[in-house]
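Just need the structure, nothing else, for what follows:
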Amino acid sequence: MGKRSQERRHQRRHQHTRPSADDRVPPAPSPAASPAELLEQALHSVLTVGPDALVPALDGAASVLAATGERWPALGQALLALGDRTLTRLWAAGWRPADVVRIVRRDLQPEHAALAVDLIAAEARRHPAAAFDRRWAEQLRELEAEVWWGEDDHYLPRVTTERRLDRFAVATHILELLRVWSLLPPITPVGPAPGRAAAGHRGGRSAGEPRMLGRIRALLAKAESTGFPEEAEALTAKAQQLMAQHSIDEALLAAGQADKDAPSAVRIGVDSPYEGPKTMLLDAVAAANRSRAVWSSEFGFCTVVGFDADLDAVELLYTSLLVQATTAMNLAGSRRHAGGASRTRAFRQSFLIAYAARIRERLGAAAQQAADDAAAGIRLREDDPERTEQAVPDARLLPALAARELAVDSATEAMFPRLTSQRVRVSDAEGWTEGRAAADRAAFG
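A predicted model of the protein is given here:
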């Protein structure tokens, strides 16, 4: 799908958030205005038109911005300042760095995503490191959001030079990006905005990543890369055991504290195609880890509600299982009807639905076994995860886990009071059969 048709699709999706508009092309921004005023006028001109006038409005406004001549560096300073204000509004409206970049990557092009990351990096420098909760800081690292351009008046000149774009293209990308961000509505927050972590959010840690997650991540990476199914299963089975033990330890620790921990939430992107089956897989992983997943199809992500240690497990295990499912699906190849017509999409849709359904069964059994072992005092040794040790059973375990499940349900209902269910369709029996077989081979134990 072309960039301009994607723009029209996005405009229709968020039409209720757009100011009154018509299909008349508005006057171009005044070249005599200051760079900041010029940028504001240009953005206003593309926000207040109907879909039929959007492309001419974009072309006209971008032409004026590109013709700023020696004021091009000052326009870059104005852009970074406007980006600060735009992102501050989005953070207050519940969005997070990975969310706003995901929207851009879905609806626009890689050049827009690079600009988005730059604006996020520029906004982030206004805050000390302590202002970010752990997951916010992780998102900034994963996006590689860094100020690479030096002084702010060097920004746009360096973008045009190093990304090999002319000024008109850069100006067009700027307006398309800011337009998409300006039309985003408020959403349910999943954590504090920068600087507000101490003001009432208790769900997520503010410290660095727990040491146990490093071990789990390494095991899953090996499971994904090995060509031997038995080795992959053993590696991921060990990772699942460590996840369960870490979660149980956290539950018992919280049970002994007067200041009770509370559920928090994360957003996990679900990319096309086959979003429905992928959300089923994520829901299966979440349920096995005493969490709940809520799918927001218009934005392409699931919100997963749970306790912090369980959310870590969901993110890691879902990512690993999705890699394994995609690999198995691609190995299964394409399919055609007897007459030669392709039935690959139906086969793969059914494959992933069956995979998710079977993974739900296996994960549910594994989670129950882990809880039974913990109740009996059986746990992995910290110095050698390949071996177990016998500890004194803790009578608080089952009540603590039950209380956590109840807290997660209550938090989910408070965040999303009007949930609905959806059905997915299986239309290829061979895909269903092979999907379940692949799930039986999936590595987690």
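
Look up how far residue 133 lies from the nearest residue to residue 309 once chain neighbours are set aside.
Nearest residue to residue 309, sequence neighbours excluded (C-beta to C-beta, 6 or more residues apart in numbering): residue 250, at 4.2 Å. Yep, even glycine has a C-beta here, placed from its N, CA and C like the rest. From residue 250 across to residue 133, the span is 17 Å (C-beta to C-beta, to the nearest Å).

for residue 81, same thing?
Applying C-beta to C-beta to residue 81 and residue 133 gives a distance of 25 Å.

Please apply the same query to residue 43.
30 Å.

Ok, residue 388 next?
Counting by C-beta to C-beta - residue 388 and residue 133 are separated by 34 Å.

Also residue 159?
From residue 159 to residue 133 the distance is 30 Å (C-beta to C-beta).

Could you do residue 114 as well?
25 Å.

Who has more neighbours out of these two?
residue 133 (22 against 15; other C-beta atoms under 10 Å).

so what's residue 40 scoring on pLDDT?
Per-residue pLDDT puts residue 40 at 95.

And residue 16, by the same measure?
38.

For the remainder of this discussion, apply numbering that starts at 54.
Okay, residue one is now 54; in that scheme the one you just asked about reads as residue 69.

For residue 469, which non-adjacent residue is spatially closest?
Distances taken as C-beta to C-beta, 6+ apart put residue 347 closest to residue 469, at 5.2 Å, once the chain neighbours are dropped.

Contacts only, for the one you found.
355-358, 465, 468-469, 472 (C-beta atoms under 8 Å, 6 or more residues apart in numbering).

Including neighbour count, could those go into JSON lines?
Listed next are these as JSON lines, based on neighbours: other C-beta atoms under 10 Å:
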{"residue": "355", "neighbour count": "24"}
{"residue": "356", "neighbour count": "20"}
{"residue": "357", "neighbour count": "27"}
{"residue": "358", "neighbour count": "28"}
{"residue": "465", "neighbour count": "21"}
{"residue": "468", "neighbour count": "17"}
{"residue": "469", "neighbour count": "15"}
{"residue": "472", "neighbour count": "11"}
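
Next, residue 351: secondary structure please.
coil (DSSP: H, G, I helix; E, B strand; the rest coil).

Could you report the distance from it to residue 148?
Taking C-beta to C-beta, one finds residue 351 at 14 Å from residue 148.

Those two: who's more crowded?
Higher neighbour count among residue 351 and residue 148: residue 148, with 23 against 10, using other C-beta under 10 Å.

quick one: that one and residue 241 touch, right?
No: the pair residue 148 / residue 241 is not scored as a contact, 10.5 Å apart, by C-beta atoms under 8 Å.

just so I have it, where are all the helices in the stretch 104-253 of the chain?
Using DSSP state H, counting those that start in this stretch, the helices of the stretch 104-253 of the chain run over 104-119, 125-145, 150-160, 163-177, 187-196, 208-215, 220-235.

just checking, residue 358 is part of a strand?
Yes: secondary structure of residue 358 (three-state DSSP): part of a strand.
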